[in-house]
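>>> 3D, please:
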Amino acid sequence: MMNFVARVGAATRAWLADVGHATALFVRLILLAPACLRRFGLVRDHMHFLGNYSLAIISVSGLFVGFVLALQGYNTLQRFGSASALGMLVALSLVRELGPVISALLFTGRAGTSLTAEIGLMKAGEQLSAMEMMAIDPVQRILAPRFWAGVLVMPILGAIFSAVGIIGGWLVGVVMIGVDPGSFWGQMRDGVDVWADVGNGVIKTLVFGLTVSFIALRQGYEAQPTPDGVARATTRTVVMASLTVLALDFVLTALMFKL
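Residues are numbered from 1 along each chain as shown. So this is what the prediction gives:
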């Protein structure tokens, strides 16, 4: 019995220490925002790198999600004689939910894993230790620019996903099925609110960008300096970031719609 209590106590203490280290790192990254803005060239370069990594898969996925939304939405709305509301259905589904969530999941799998692997390999190659020996803070020089680049590029990718998805919905709904184009765009214009719908979607992408970038960088920074350790850290990034994005999506949706 005492051994069981000791193991539980040790596990709890280790978990609390891990949470404390993660919180301290997150606070440091937030406080380093002014320093990153003063050297915005580093952040810009990493934004270009992360955006290029994810742009192709974001665009293609958004297009096919728009295709599917239009097909499914038309079949459902037609039963109630509301096929003219297809544009509003596609737009609201994308800007509120699918755009932020799916783009964050794709960003995790494409760019988040590359961040973890990059930082993990730098640690395995003792590059971070060499920087510390030269009195260079690796958190400020390596982690912070990548963190803020991920935060800033995530809303752009989410907007591209939603825009391409709406175009895909238009192609299927108007060009293929034959929905009236005036009704498609008019219902979308009247039913989508800039602040309540688009604004909430942007807030979600910012929160997801913070979450995914932090998890990816921390897993790389805390990875064991071995090939197996880097591989395990990359796997943990995908699992933890994906589950956290889905959980945060529920919490943010409940807060935004005051459920």
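>>> which helices and strands sit right next to the strand or helix carrying L86?
In the assignment (DSSP states H and E), L86 maps to helix 86-92. Counting contacts by 3 or more C-beta pairs under 8 Å, 6 or more residues apart in numbering; DSSP states H and E, helix 86-92 packs against helix 40-78, helix 144-170, helix 181-191. Any C-beta I mention is one placed from the backbone N, CA and C, and that applies to glycine too.
>>> quick one: contacts of that helix?
The contact list for helix 86-92, computed with C-beta atoms under 8 Å, 6 or more residues apart in numbering, reads 66, 69-70, 73-74, 77, 162, 165-166, 169-170, 173, 179, 183-188, 190-192, 197.
>>> among those residues, which ones are buried?
Among those, the ones that count as buried by 16 or more other C-beta atoms under 10 Å are 66, 69-70, 73-74, 77, 162, 165-166, 169-170, 173, 179, 183-185, 187-188, 192, 197.
>>> let me see the ranges of the helices in the stretch 101-250 of the chain.
Taking DSSP state H, counting those that start in this stretch, the helices of the stretch 101-250 of the chain run over residues 113-124, 127-133, 138, 144-170, 181-191, 200-221, 227-256.
>>> now the ones you listed in JSON lines, with distance to L31?
What follows is the helices of the stretch 101-250 of the chain, written out as JSON lines (distance: least, C-beta to C-beta, whole Å):
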{"stretch": "helix 113-124", "distance to L31": "19"}
{"stretch": "helix 127-133", "distance to L31": "19"}
{"stretch": "helix 138", "distance to L31": "16"}
{"stretch": "helix 144-170", "distance to L31": "9"}
{"stretch": "helix 181-191", "distance to L31": "41"}
{"stretch": "helix 200-221", "distance to L31": "14"}
{"stretch": "helix 227-256", "distance to L31": "22"}
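>>> closest to V43 out of those?
helix 144-170 (5.0 Å; C-beta to C-beta).
>>> in the closest one, what's buried?
Counting neighbours by 16+ other C-beta under 10 Å, one finds that the buried residues in helix 144-170 are 144-166, 168-170.
>>> next, the contact list for the residue nearest in space to the middle of the chain, please.
The centre of the chain sits closest to A104, judged by C-alpha atoms, centre = their mean, with a distance of 2.7 Å. Shown in contact with A104 (C-beta under 8 Å, 6+ apart): 154, 158, 205, 208-209, 211-212, 245.
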